[in-house]
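> Okay, sequence plus prediction incoming.
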Amino acid sequence: MEKVVKIPAKHEDTWLRFKNGDQEAFTMLYNLHVDSLFNYGIKICTDSDTVKEAIQEVFVDLYLKREHNNSCFENLKFYLFLGLKRNLIKKLKQRRRFDPWNDYSEIELGMEFSIEYKFIEYETNEEVTRRVQAVLDNLPPKQKESIYLRFNESLEYPEIATIMGISIESVRKQFYRGIKTIRESLGV
């Protein structure tokens, strides 16, 4: 059963004000999402300046296209995450083109997610934490990303599939395989 996320009325009002050109509403939307975007972006690209630049570009694009944007507030987070990932991948590919000696494989290999608190909620000793982190470090990148987006960002499978560029069924498989590996490794 999929959970339904209730959006506070004030955010929907902020979205409508933003679409009508309200600068204060734009600032509020930016402040509402910038931290989670940065946390996600830094997992794709370890250069914080590149991530910050990409976030700024995504918000500028959102602002410039606001009048033609027919989506609702519920889709905003999805739109921002997808835009950020695409922007970062484009930047990393451009970087690789200009610097062929440097391997910017951080798109896939540099992803580090911290979801261990979900699995050690009832156990707080350092051994369990270390074991969970070791398992997470050894998960394939797509499993890490699907787990991160599902747990940390509360995105739905169709949204995750679009962000990752794979089918919904593949997202489900990656997610469940990752969870299964974690559970088996921890004996849960």
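Looks like it arrived, so ask away.

> Now the residue nearest to the spatial centre of the chain: closest residue in space that isn't a chain neighbour?
Among the residues of the chain, the one closest to the centroid is residue 40, at 4.2 Å (C-alpha atoms, centre = their mean). Using C-beta to C-beta, 6 or more residues apart in numbering and skipping residues adjacent in sequence, the residue nearest residue 40 is residue 81, 6.2 Å away. Backbone N, C-alpha and C define where each C-beta goes, glycine included.

> same thing with residue 12?
residue 73 (4.9 Å).

> For residue 27, the count of nearby residues, please.
12 (other C-beta atoms under 10 Å).

> Sorry, slip of the keys, the one I care about is residue 168.
Residue 168 has 14 nearby residues by other C-beta under 10 Å.

> which residues touch it?
Residues in contact with residue 168 (C-beta atoms under 8 Å, 6 or more residues apart in numbering) are 157, 158, 161.

> separation between it and residue 161?
Distance, residue 168 to residue 161, by C-beta to C-beta, to the nearest Å: 4 Å.

> quick revisit: in terms of secondary structure, what does the helix or strand hosting the residue nearest to residue 40 contact?
Using DSSP states H and E, residue 81 sits in helix 76-98. Packing contacts for helix 76-98, counted by 3 or more C-beta pairs under 8 Å, 6 or more residues apart in numbering; DSSP states H and E, involve helix 23-44, helix 48-64, helix 106-109, helix 157-164.

> Give me the angle between the last one and helix 76-98.
In other words, helix 157-164. Using axes from the mean of the first three to the mean of the last three C-alpha atoms, to 10 degrees, the direction of helix 157-164 lies 20 degrees away from that of helix 76-98.

> orientation of helix 157-164 relative to helix 23-44 in degrees?
Taking the same axes, to 10 degrees, one finds helix 157-164 and helix 23-44 inclined to each other by 70 degrees.

> okay, helix 157-164 in PDB with CA atoms only?
The C-alpha trace of helix 157-164 is given here as PDB (Å, rounded to 0.1, in the frame of the first residue of the first chain):
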ATOM      1  CA  TYR A 157       8.700   4.200  -7.400                       C
ATOM      2  CA  PRO A 158       7.600   5.900 -10.600                       C
ATOM      3  CA  GLU A 159       9.500   9.100  -9.600                       C
ATOM      4  CA  ILE A 160      12.600   7.200  -8.700                       C
ATOM      5  CA  ALA A 161      12.400   5.300 -12.000                       C
ATOM      6  CA  THR A 162      12.300   8.500 -13.900                       C
ATOM      7  CA  ILE A 163      15.200  10.000 -12.000                       C
ATOM      8  CA  MET A 164      17.300   6.900 -12.300                       C
END
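
> And stretch 56-64, what's buried?
Across stretch 56-64, burial judged by 16 or more other C-beta atoms under 10 Å covers 57, 58, 59, 62, 63.
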